[in-house]
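K.L.:
build me a structure from this.
(4 chains)
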There are 2 protein chains.
Amino acid sequence: MASAPDRPGIPEPPGRDATPVRRRGRALEQAIFQAVFDQLLEVGYAGLTMDGVATAAGTGKAPLYRRWSDKKALLSDALRDRLPDADDVEIVGDLRRDLLAVLRFMFSACTVTGDPALQLAKAEADPTHDVVRARISAPARRMMLDVLRAGEARGEVRPGAATPLIARVGIAVVVYQNLTGRDGLDDAFIEQVVDEVLLPLVRDPDRAAPGGGGERPDR
Amino acid sequence: MASAPDRPGIPEPPGRDATPVRRRGRALEQAIFQAVFDQLLEVGYAGLTMDGVATAAGTGKAPLYRRWSDKKALLSDALRDRLPDADDVEIVGDLRRDLLAVLRFMFSACTVTGDPALQLAKAEADPTHDVVRARISAPARRMMLDVLRAGEARGEVRPGAATPLIARVGIAVVVYQNLTGRDGLDDAFIEQVVDEVLLPLVRDPDRAAPGGGGERPDR
DNA sequence: GAGATTAGGAGACTCTTTGGTCTCTTACAA
DNA sequence: TTGTAAGAGACCAAAGAGTCTCCTAATCTC
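P.N.:
Residues are numbered from 1 along each chain as shown, chains lettered A, B, ... in the order given. Purely as a prediction, here's the structure:
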């Protein structure tokens, strides 16, 4: 890096130019949090260093360790500071609007300062991710879409339901379950997803369910 | 030497007891892969070291570097070796069974050797995860369920659809989208999820959709 | 306002961890 | 018997966490 004569990415605190401005307290803290997310975006979680954060914030490591005992604490605090507040979600009593509101809340959490938060996880598994995407995610989505299209052709799936978006619903639920809650991902769960989510979502409500193996085994 | 009196977690290759058995080729490779996953499970991705893998496999680092140029390559290969094969998924032409098959494929990928693969990501973001769960995931699920129950009470949601599982469908799709594909997570996507997944899944097919704002804006 | 006090910016320093290389001896396989 | 590769571990260098010191800007107190 190092663009100009000195000090590349420093926030240039709200002061004159060449004048050395020394931030304090809350202002400095905010600058540090910002630096954390900038770094996260730039080098990923794995590449996050205290030196890096300090430099990006235009400060030294001392002020960091004066506030937080270690890297972990800093990151937690930064996150806490930036994440959206669930209390801000307005539930108005209209189904569609409320569903949108909750999902937008998730969305804003996913995109705090441009990327991190939930996406943190991603950066790590770098080498992993390529393999997993190629070997698992991509084929799974493709297969799922094929299954839906075939079902549509047979009349088992309502017309228009065989979309890429719907194809990834089941997958998303499984992955999400795997990511959260250590337990809870087992075959019973899989069946539940199929019977309580996918089939109801995808079947033609007109035709009665064509008998077969699984009419909501209840659970 | 040195396999007899000490050395705790060594696979003890298929040979007699105190006799030092020296694995080669494929056998050694498999032992190494196993060690990778053991370590992953034990210390997480962040704590994974070449020394650790070598020790767990009961070998030295030399054989590792003789096979793989670096840690990344080793991990990728281990994954490639263990991940399930999409070609093994049997699509038989029955909607429910096929949906199950695809989801089970995802499931097996999520639980290779007990944990890693997709879950790798998780271990990393440790400090993150606690905060995110408390501040985002948990409240989002709770809110979503509340929204559904309220809708059910109003008759907008079909009876029985206000379940914890269904409540997390939308969330899962958003998180999944965030985890995969850098792009594609924007407000248009959110609306699409609501209009093409959640509402169809949750609404009472009997009552015509009560007008309102979004009758499948198509997209 | 002047002087005292607090906390910031900068960076040197220590210590540990770990990736990666290399060597040496010896078991296994052809 | 002989070549190849395994097991063991020493060794090196880079990187990064965390500590500490120095000097001074901002802020507080009188």
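K.L.:
in the host helix or strand of residue A:53, which residues are buried?
P.N.:
If you go by DSSP states H and E, residue A:53 is part of helix A:50-57. By neighbour count on 16 or more other C-beta atoms under 10 Å in any protein chain shown, the buried set for helix A:50-57 is A:52-57. The way it works is simple: take the backbone N, C-alpha and C, and place the C-beta from them, glycine included.
K.L.:
quick one: contacts for the residue of chain A found nearest DNA strand C?
P.N.:
For chain A and DNA strand C, the shortest gap (C-beta to the nearest atom of the strand) falls at residue A:60, measuring 2.5 Å. Contact partners of residue A:60, counting by C-beta atoms under 8 Å, 6 or more residues apart in numbering or on different chains, are residue A:54.
K.L.:
state the pLDDT value of it.
P.N.:
For residue A:60, the model assigns a pLDDT of 85.
K.L.:
how far away is it from chain B?
P.N.:
Separation of residue A:60 from chain B (C-beta to the nearest C-beta, to the nearest Å) stands at 23 Å.
K.L.:
may I have the phi/psi pair for that residue?
P.N.:
Dihedral angles of residue A:60 (phi, psi; degrees, to the nearest 10) stand at phi -110, psi 180.
K.L.:
next one: the one 3 residues further on
P.N.:
Geometry field for residue A:63 lists phi and psi as phi -60, psi -30, criterion degrees, to the nearest 10.
K.L.:
so what's it up against?
P.N.:
With C-beta under 8 Å, 6+ apart, residue A:63 has these contacts: A:28, A:32, A:54.
K.L.:
what is the nearest of the buried residues of helix A:50-57 to residue B:141?
P.N.:
Distance to residue B:141, by C-beta to C-beta, is smallest for residue A:53 among the buried residues of helix A:50-57, at 31.9 Å.
K.L.:
identify the residues contacting the closest one.
P.N.:
Contacts of residue A:53 by C-beta under 8 Å, 6+ apart are A:32, A:35-36, A:39, A:64, A:74.
K.L.:
which residue sits closest to it, ignoring its sequence neighbours?
P.N.:
Spatial nearest neighbour of residue A:53, chain neighbours left out: residue A:35 (5.0 Å); criterion: C-beta to C-beta, 6 or more residues apart in numbering or on different chains.
K.L.:
surely that neighbour touches residue A:51?
P.N.:
No. Contact status for residue A:35 versus residue A:51: not in contact, 11.2 Å apart, counting by C-beta atoms under 8 Å.
K.L.:
count the residues that sit near residue A:89.
P.N.:
The tally of other residues near residue A:89 (other C-beta atoms under 10 Å in any protein chain shown) stands at 18.
K.L.:
so it touches residue B:142, yeah?
P.N.:
No. Look at residue A:89 against residue B:142 with C-beta under 8 Å: they stay out of range, at 10.7 Å.
K.L.:
ok, longest helix in chain A?
P.N.:
helix A:25-43 (DSSP state H).
K.L.:
and it, what does it pack against?
P.N.:
Counting contacts by 3 or more C-beta pairs under 8 Å, 6 or more residues apart in numbering or on different chains; DSSP states H and E, helix A:25-43 is packed against helix A:50-57, helix A:61-67, helix A:71-82.
K.L.:
go again with 10 Å.
P.N.:
Contacts defined by 3 or more C-beta pairs under 10 Å, 6 or more residues apart in numbering or on different chains; DSSP states H and E place helix A:25-43 against helix A:50-57, helix A:61-67, helix A:71-82, helix A:120-124.
K.L.:
which of the contacts of residue A:53 sit farthest apart?
P.N.:
Those two in the contacts of residue A:53 that are separated most widely, counting by C-beta to C-beta, are A:39 and A:64, at 12.2 Å.
K.L.:
okay, now residue A:71: neighbour count?
P.N.:
16.
K.L.:
relative to residue A:23, how far out is it?
P.N.:
As for residue A:71, its distance to residue A:23 is 21 Å (criterion: C-beta to C-beta, to the nearest Å).
K.L.:
what ranges do the strands span in chain A?
P.N.:
With strands called from DSSP state E, chain A shows none.
K.L.:
okay, and for it, where does confidence drop off?
P.N.:
Low-confidence regions of chain A, defined by pLDDT under 70, span residues A:1-20, A:93-95, A:98-99, A:102-103, A:106-107, A:109-137, A:178-186, A:204-219.
K.L.:
contact residues of it facing DNA strand C?
P.N.:
Selection of chain A residues close to DNA strand C by C-beta under 7 Å from any atom of the strand yields A:7, A:20, A:22-25, A:28, A:57-63, A:66.
K.L.:
ok, those residues vs residue A:151, which is closest?
P.N.:
residue A:57 (54.2 Å).
K.L.:
just the buried residues of stretch A:36-51, please?
P.N.:
Those buried within stretch A:36-51 under the rule 16+ other C-beta under 10 Å are A:36-40, A:44-45, A:48.
K.L.:
kindly reformat the residues you listed as JSON lines containing distance to residue B:149.
P.N.:
JSON lines is the format used below for those (distance: C-beta to C-beta, whole Å):
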{"residue": "A:36", "distance to residue B:149": "38"}
{"residue": "A:37", "distance to residue B:149": "36"}
{"residue": "A:38", "distance to residue B:149": "41"}
{"residue": "A:39", "distance to residue B:149": "42"}
{"residue": "A:40", "distance to residue B:149": "37"}
{"residue": "A:44", "distance to residue B:149": "40"}
{"residue": "A:45", "distance to residue B:149": "37"}
{"residue": "A:48", "distance to residue B:149": "41"}
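K.L.:
what's the closest of those to residue A:97?
P.N.:
Using C-beta to C-beta, the buried residues of stretch A:36-51 come closest to residue A:97 at residue A:37, 30.0 Å.
K.L.:
kindly provide the distance from the residue nearest to residue A:104 when sequence neighbours are not counted to residue B:77.
P.N.:
In this structure, residue A:104 finds its nearest non-sequential neighbour in residue B:190, 5.9 Å apart by C-beta to C-beta, 6+ apart. Distance, residue B:190 to residue B:77, by C-beta to C-beta: 38 Å.
K.L.:
more crowded one of these two?
P.N.:
Taking other C-beta under 10 Å, residue B:190 and residue B:77 do not tie; residue B:190 has more neighbours (22 against 18).
K.L.:
correct me, but that one touches residue A:100?
P.N.:
Yes. With contact defined as C-beta atoms under 10 Å, residue B:190 counts as touching residue A:100 (6.4 Å).
K.L.:
neighbours around residue A:21, how many?
P.N.:
Residue A:21 has 12 neighbouring residues, counting by other C-beta under 10 Å.
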